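# Below are the sequence and a predicted model; questions follow.
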Amino acid sequence: MNSFLKISAPEIYAVPIQDNDEPLINVLDEYPDFFVDQSRKYSQKISRSLSFLRKGVAERLKLATQYLPDDIHFMIIEGYRPLEVQQAIFTETLHEVRKEHPDWTQQQVYEKTSTFVAPPDNTPPHSTGGAIDLTLMTMDGKELDMGTDLNDGYSGSCFTFAPSISEDTKKNRQILIQAMQRAGFVNYPAEWWHWSYGDRYWAYLSSVPFAIYGSK
């Protein structure tokens, strides 16, 4: 479960970027049928751009909705993050990890932090507009049981294929996985909710020669 390629891995950083200059759009304006959780229950409070995505990502998310059961919708948690927001989140998490593990070396603290928060100095996925955090909900607004919420402290259960979660939870995750994969997204295995298209992680896993989105 814990053996996977981190966003900060050298193989990911080595992927070249040829930004196609696709615009960021606000899905609240362009896709009024999308549900964006504006309560910020799970998203970063300092981000003011959570409903923004690259145009192509929004189009693919629309495609993904066709692969969901009729009574299930996506709940969008967060999309685009400016680099300064990513920097603040990374720094805060770094301090939290250091506090939790005072005996760790600086490198150990960095490695743990960068497992779950992309370092801001090398084109983090959310800062490209190509990454999206999302979950599933019913038509009446009830969230499906996905095993953990998006603020679970990064327990083992947040890994997409965690064996410790219930069978019902695994089925719910499979609904999300199948819809997103059929639309061309890739998942970050440490976070069942994190999906991307067009960024370096997507390019590497999809065997595409270059990413089409850089930091905006």
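Done, it's in.
# Strands of this protein, start to end?
With strands called from DSSP state E, the chain shows them at 24-26, 35-36, 52-54, 72-78, 131-138, 186-187, 194-196.
# Including mean pLDDT, could those strands go into JSON lines?
Listed next are those as JSON lines, based on pLDDT from 0 to 100:
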{"stretch": "strand 24-26", "mean pLDDT": "97"}
{"stretch": "strand 35-36", "mean pLDDT": "93"}
{"stretch": "strand 52-54", "mean pLDDT": "97"}
{"stretch": "strand 72-78", "mean pLDDT": "95"}
{"stretch": "strand 131-138", "mean pLDDT": "96"}
{"stretch": "strand 186-187", "mean pLDDT": "98"}
{"stretch": "strand 194-196", "mean pLDDT": "97"}
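# Was I right to think residue 165 contacts residue 158?
No: using Cβ atoms under 8 Å as the test, residue 165 is too far from residue 158 to be in contact (9.7 Å). C-betas here are computed from N, CA, C, even on glycine.
# Tell me which of these two has more neighbours.
Neighbours per residue (other Cβ atoms under 10 Å) separate residue 165 from residue 158, with residue 158 holding more: 23 against 20.
# May I see the strands of the chain arranged in JSON lines, with mean neighbour count as well?
Converted to JSON lines, those look like this (neighbours: other Cβ atoms under 10 Å):
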{"stretch": "strand 24-26", "mean neighbour count": "18"}
{"stretch": "strand 35-36", "mean neighbour count": "17"}
{"stretch": "strand 52-54", "mean neighbour count": "26"}
{"stretch": "strand 72-78", "mean neighbour count": "21"}
{"stretch": "strand 131-138", "mean neighbour count": "22"}
{"stretch": "strand 186-187", "mean neighbour count": "20"}
{"stretch": "strand 194-196", "mean neighbour count": "27"}
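# Residue 6: which of these is closest?
Ranking these by their distance to residue 6 (criterion: Cβ to Cβ) puts strand 194-196 first, at 12.3 Å.
# Check the spacing between residue 90 and residue 195 real quick.
From residue 90 across to residue 195, the span is 20 Å (Cβ to Cβ, to the nearest Å).
# picking that back up, okay, and the common contacts of residue 165 and residue 158?
Each of residue 147 lies in contact with both residue 165 and residue 158 under the rule Cβ atoms under 8 Å, 6 or more residues apart in numbering.
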